[in-house]
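**Student:** Could you look at this predicted model? Sequence included:
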Amino acid sequence: MGRRWAALRGLVVKESRHVLRDRQTLVILLLMPLVQVLLYGYAIRTDVSGIRTVIVDPTPDIATRSLLARFEASDRYDVREVVPTDFAIERGFASGALRQAIVLPTDVERRLGRGEPISVLIVTDGSDPNAGSAMRSYAEAILRRWYSEASTNTLGGARGIRVESRMRYNPTLESANLFVPGLIALVVTIVSAMMTAIAITRETEMGTMEMLLVSPLRPSAIVLGKVLPYAALGLLNVFIVLSAAAAVFHVPVRGSLALLLAECLLYVFTTLAIGIVISTAARTQRTAMLMALGGLLLPTIMLSGFIFPIASMPTPLRVFSNIVPARWFLVIVRGIMLKGAGLGTLWQETLVLLGLTTALLAVGIRRLSVRLD
Amino acid sequence: MRIIRLLVWKEFLQVFRDPATAFQILVIPIFQLLILSNAATFDVPRAAMLVVDEDHSSVSAQLIQRLDGSERFRVVDVRPNETGVEAALLDRDARVILRIPHDFERDLVRTGSAPVLLSLDAEDGASAGILQAAATAIMVDVSRDLAAAHPGSSREMQGTVRAGPPLDVRSSNWFNPSANYKHFMVPGLLVSLTTIIGLLVTSQNIVREKELGTLEQLNVSPISRGQFLVGKLLPFWLLAMTTFTIGMTVGVFVFGIPTVGSVPLVFLSAGVYLIVALGIGLLISTIARTQQQVMFVAFFLLLLYLLLSGIFTPLESAPRWAQWIAQASPVKHFVFIMRTVLVRGGGLADIGPTLLGLAVAGVGVMLLAVRQHSRRAD
């Protein structure tokens, strides 16, 4: 037993040296999470703001001026111009200078006073339907609120049902709060799963795997020695992302930090297991790379709820997303960080993740021993 | 010329000798296109709403009915008090909680105004904003209708009635009237998949030769550097163009993406763009020593490029400095060309400067890579 441990330790030391010797990769490895936190926090926003808008108002009066004030006061809108006719807006849209136009009828103030119907046309650049539908909702909400006040103000008093909203868990609607949990998953996936897959496949491709196999080390020890340094790096990256997110964006950890770290550790093992499975299936590093990319990185970005909400996807994809480990990990991390949830709420997700990890490890180890024979 | 032809031929043999590789380069991207384009939607589905109705009045019932019938909300439960409501939000059983307080109807009728409390799970702030806007719009409409239906109520409520019929809001979506997000997403995804394949495979291939030591052998052979680079890049350029062509075919025939503008122009742009992408791959391969390094640097760059390309998230919402950085992403420019030509029907006049910029970048990157490469080899 003692000798085995010593051998395993030797292997871990050797692998760690491999990793540490490669300064270039290390720098990127440590820099990448930082750059990404900054980018996601500042630059990647899924909400729409700075909407370049033109208001077509044939007869400006007090009522339309109050509407203009509302659009200008909204930080989502960037009102470029108020024009009397919709003559020139088409060009603005085609060149991309305009995203939205609010076309008002004539004599709004007088119509309001007489109680005549007012119809407003919202023209939206729909070439990005996601942003388009958001822009439409925003404009409609502003219009309705304005109308409800403008129409009653003329007679004074009533405001009907007042809506008081509370944005729970993320009151400032900060996109960093949404992205940081996903970022942890992404970084861990890249570091643990991909690096593992490549590192093991490299030994196979180079033929050095054979050499390791004729050594007194058992196959499981070889794999363990290979993956442990990457597990450590993965965890280190979790720390970097968390500290950067806390320091720069004040992303909260409302739940238990210990639980969060334990779940991260579990996810590190999940990704390592995936890395092992890939390495048993791939013969060359190129294959491993492409498999890691298609089978791992893209699903982790696209099918985990990281950027795109799972609830919006068509049913087959929603079902499929259940086998993407990052999907479960994301619910857990968001729950702990933003909602202060404990294991009482998250035990199901944790169990699923645990099950997936066990299954992947079992497959990986079995395939590995089959191939080694 | 003969040497280049032989080199190209050699690369093709190497790629297609291994059916798995050919499969990965040509078939997998198409699968990804099919799957991912369905995933990439921000469309906000009907949100599960839990109502705490403390009022139990006809007005509150009417309100609940209206919300449930709307396209944004479905009421999953109505409870008399707040017990367990918090847990429902936490467990994601409900996305929105509406609390209608005691005396809601009385206040509304007597004073013409009554509050309701809306709590939204704002984890995803963007969709929470849309839901909030939708709820507000519905409430405004409901108050109006209620006022109309209660002619005997207070003067204030009648005031609302006299104020006129509901606001008639019509909207029109230009360029994509059916709001089909696939028309928007598929060109973007196609660009990212082609980029990933082209950039990764190029840089990985050259570093592999380095790792195996066969690069040295090529260096001592009578092949010139220019011949070597062309021999390396041409096959992958052709492969990436093939991937792109298959992707376009799938896009047009399966997803029905519009081809308003000129298709040859799109292919011309793709050819220029791929020179940039492959050049970057070449540059990476001159810096990296192992395939692991290549993958790491390439993924890092690709993530930056893709996330700043405006494919997934609207770039207009980003701060100005991020938009400046995004200018350095060739992916962004090619996505712009694709969308402008295919969806909006732009011509050479609209994309000319961008295309020229890409061409200049391509030449620049290539020159840089060649210089780096020869310096390394000496």
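**Tutor:** That came in fine, so what should we check first?
**Student:** tell me the phi and psi of B:I97?
**Tutor:** Main-chain dihedrals, B:I97, degrees, to the nearest 10: phi -120, psi 130.
**Student:** That one and B:E105, how far apart?
**Tutor:** 20 Å (CB to CB, to the nearest Å). Where you see a C-beta, it was placed from the backbone N, CA and C, and this is true even at glycine.
**Student:** The two: which is more packed in?
**Tutor:** Per other CB atoms under 10 Å in any protein chain shown, whichever of B:I97 and B:E105 has more neighbours is B:I97, with 24 against 21.
**Student:** Surely that one and B:G84 touch.
**Tutor:** No: look at B:I97 against B:G84 with CB atoms under 8 Å: they stay out of range, at 11.0 Å.
**Student:** How is B:T259 assigned, secondary-structure-wise?
**Tutor:** coil (DSSP: H, G, I helix; E, B strand; the rest coil).
**Student:** Can you tell me the closest non-neighbouring residue to it?
**Tutor:** Closest residue in space to B:T259, ignoring its immediate chain neighbours: B:L342 at 5.7 Å, by CB to CB, 6 or more residues apart in numbering or on different chains.
**Student:** what's the neighbour count on that neighbour?
**Tutor:** B:L342: 26 neighbours (other CB under 10 Å).
**Student:** To which secondary structure element is the closest residue to A:I222 other than its chain neighbours assigned?
**Tutor:** Closest residue to A:I222 apart from its sequence neighbours, by CB to CB, 6+ apart: A:L212 at 5.2 Å. Assigned by DSSP states H and E, A:L212 belongs to helix A:208-214.
**Student:** Send over that helix as CSV, restricted to the C-alpha atoms.
**Tutor:** The C-alpha atoms that make up helix A:208-214 are tabulated as CSV, following Å, rounded to 0.1, in the frame of the first residue of the first chain:
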residue,chain,number,x,y,z
THR,A,208,3.9,7.0,-23.6
MET,A,209,0.6,5.5,-22.2
GLU,A,210,2.1,2.1,-23.0
MET,A,211,5.1,3.0,-21.0
LEU,A,212,3.0,4.0,-18.0
LEU,A,213,1.0,0.8,-18.3
VAL,A,214,4.0,-1.5,-18.1
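**Student:** following it, which helix or strand comes up?
**Tutor:** helix A:219-249.
**Student:** How about the helix or strand following that next one, which residues are buried there?
**Tutor:** Proceeding N to C from helix A:219-249, the next assigned helix or strand is helix A:257-281, under DSSP H and E. Buried residues in helix A:257-281, counting neighbours by 16 or more other CB atoms under 10 Å in any protein chain shown, are found at A:259-260, A:263-264, A:266-281.
**Student:** okay, residue 266: pLDDT?
**Tutor:** Assuming you mean chain A. On the pLDDT scale, A:L266 is placed at 91.
**Student:** actually it's chain B I care about, not the one you picked
**Tutor:** pLDDT at B:V266 comes out at 85.
**Student:** Could you tell me how many residues sit around whichever residue of the stretch 1-150 of chain B sits closest to chain A?
**Tutor:** Closest to chain A within the stretch 1-150 of chain B is B:S143: 2.6 Å, counting by CB to the nearest CB. Number of residues near B:S143 (other CB under 10 Å) recorded here: 25.
**Student:** packing partners for the helix or strand encompassing it?
**Tutor:** For B:S143, the host element (DSSP H and E) is helix B:125-149. Helix B:125-149 is packed against helix A:129-153, strand A:160-168, helix A:175-188, helix B:58-69, strand B:73-79, strand B:96-100, strand B:113-121, helix B:155-162, with contacts defined by 3 or more CB pairs under 8 Å, 6 or more residues apart in numbering or on different chains; DSSP states H and E.
**Student:** would you turn those into JSON lines with distance to A:K14 and mean pLDDT?
**Tutor:** Below are these laid out as JSON lines (distance: least, CB to CB, whole Å; pLDDT from 0 to 100):
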{"stretch": "helix A:129-153", "distance to A:K14": "49", "mean pLDDT": "76"}
{"stretch": "strand A:160-168", "distance to A:K14": "50", "mean pLDDT": "68"}
{"stretch": "helix A:175-188", "distance to A:K14": "23", "mean pLDDT": "78"}
{"stretch": "helix B:58-69", "distance to A:K14": "63", "mean pLDDT": "86"}
{"stretch": "strand B:73-79", "distance to A:K14": "56", "mean pLDDT": "88"}
{"stretch": "strand B:96-100", "distance to A:K14": "55", "mean pLDDT": "87"}
{"stretch": "strand B:113-121", "distance to A:K14": "48", "mean pLDDT": "83"}
{"stretch": "helix B:155-162", "distance to A:K14": "79", "mean pLDDT": "46"}
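**Student:** Would you mind saying which of these lies nearest B:I197?
**Tutor:** helix A:175-188 (20.4 Å; CB to CB).
**Student:** Report the angle between the closest one and helix A:257-281.
**Tutor:** 40 degrees (axes from the mean of the first three to the mean of the last three CA atoms, to 10 degrees).
**Student:** Pull out the buried residues from the next helix-or-strand element following helix A:175-188.
**Tutor:** Per DSSP H and E, the first helix or strand lying C-terminal to helix A:175-188 is helix A:195-206. By 16+ other CB under 10 Å, the buried positions in helix A:195-206 come out as A:195-205.
**Student:** Check stretch A:217-224 too.
**Tutor:** Neighbour-count burial for stretch A:217-224 [16+ other CB under 10 Å]: A:217, A:219, A:221-224.
**Student:** residues in contact with A:G234?
**Tutor:** A:187-188, A:191-192, A:268, A:271-272 (CB atoms under 8 Å, 6 or more residues apart in numbering or on different chains).
**Student:** Low-confidence ranges, chain B, go.
**Tutor:** Residue ranges of chain B with pLDDT under 70: B:20, B:42, B:147-180, B:373-378.
**Student:** how about the residue nearest in space to the middle of chain B, what does it touch?
**Tutor:** Most central in chain B under CA atoms, centre = their mean is B:F312, positioned 2.1 Å from the mean C-alpha point. Contact analysis of B:F312 by CB under 8 Å, 6+ apart lists A:44, A:307-308, B:40, B:188, B:306.
**Student:** returning to what we had before: tell me the one of the buried residues of helix A:195-206 nearest chain B?
**Tutor:** Distances from chain B to the buried residues of helix A:195-206, taken by CB to the nearest CB, are shortest for A:I198, at 4.7 Å.
**Student:** Quick check, the closest one in contact with A:T287.
**Tutor:** No: using CB under 8 Å, A:I198 is not in contact with A:T287; the gap is 10.5 Å.
**Student:** Would you agree A:L121 falls within a strand?
**Tutor:** Yes: A:L121 sits within a strand when classified using three-state DSSP.
**Student:** what about it, distance to chain B?
**Tutor:** 5 Å (CB to the nearest CB, to the nearest Å).
**Student:** tell me which residues form a beta bridge with that residue?
**Tutor:** Beta-bridge pairing for A:L121 (DSSP bridges): A:V103, B:R170.
**Student:** correct me, but it touches A:Q100?
**Tutor:** No: using CB under 8 Å, A:L121 is not in contact with A:Q100, being 11.0 Å away.
**Student:** Neighbour count: those two, which is higher?
**Tutor:** Neighbour count, other CB under 10 Å: between A:L121 and A:Q100, A:Q100 has more, with 27 against 16.
**Student:** ok, that one touching A:I55?
**Tutor:** No: the criterion here is CB under 8 Å, and A:Q100 misses it with A:I55 at 9.5 Å.
**Student:** mind listing what B:G247 touches?
**Tutor:** B:29-30, B:33, B:190, B:193-194.
**Student:** Just name the closest of the residues you listed to B:L215, please.
**Tutor:** Of the contacts of B:G247, the one sitting nearest to B:L215 (CB to CB) turns out to be B:T194, at 26.2 Å.
**Student:** From B:L348, how far off is the closest one?
**Tutor:** 22 Å.
**Student:** again with A:R9
**Tutor:** Counting by CB to CB - A:R9 and B:L348 are separated by 65 Å.
**Student:** Quick check, the residue in the stretch 1-150 of chain A closest to chain B?
**Tutor:** A:G126 (2.9 Å).
**Student:** Show the backbone phi and psi for that residue.
**Tutor:** phi -90, psi 10.
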